[in-house]
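>>> Provided below for reference: sequence and predicted model.
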Amino acid sequence: MKKLILCIAILFSLPTIAQNTDLEKEAIKKVIQTAYVDGLQNEGDLEKIDSGIHPDFVLLGIGKEKSMWKYPIEKWKANTTKKLEEGKLPRTGDDLVTIKFLDVDVTGNAAVAKIEFYVGDQKKYVDYISLYRFENDWMMVNKIYYEFKE
């Protein structure tokens, strides 16, 4: 009888678990859209960037002969400010960045999002963005990517 009750309890809790996961995925998508796409890429809005990108965030890339490089968010933000001053931001028209979510995987307070990154209608990158939930807020903590060469 105890096993039957346990099985019934689990079955009734599954929709709630799935619903919570869906809510977390939507929150993650919103953070990436607001902080990364709108804030960092299209508008240069430092407040939006800070709302969803952790201060210790780092972009990781690969170089030659198994080397790697790191680009911390503070340098990226400084470059964004420079682009604003030079009139290169905000982006408009065919220069706008858009993304398509391919997958969002959540386990507890850790998540990864796989996205296609477009400038205008041209696919430029596939990004893999790692996030942590700090208290109630999801924040991007790092990114790796694949660049499509023309």
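Perfect, thanks for sending it. Everything quoted here is computed from the prediction, not taken from an experiment.

>>> and Pro90, what helix or strand is that in?
Per DSSP states H and E, Pro90 falls between elements, in no helix or strand.

>>> for it, phi and psi?
Backbone geometry at Pro90, expressed as degrees, to the nearest 10, gives phi -70, psi 150.

>>> ok, now Met140?
Dihedral angles (degrees, to the nearest 10) for Met140: phi -70, psi 130.

>>> Identify the residues contacting it.
31-32, 35-36, 52-54, 57, 129-131 (CB atoms under 8 Å, 6 or more residues apart in numbering). Where C-beta positions appear, they are placed from N, C-alpha and C, glycine not excepted.

>>> Name the nearest residue to it, ignoring sequence neighbours.
Ile53 (4.8 Å; CB to CB, 6 or more residues apart in numbering).

>>> okay, now that neighbour: neighbour count?
25 (other CB atoms under 10 Å).

>>> Does it touch Leu40 like I think?
Yes: in this structure, Ile53 is within contact of Leu40 by CB atoms under 8 Å, at 7.2 Å.
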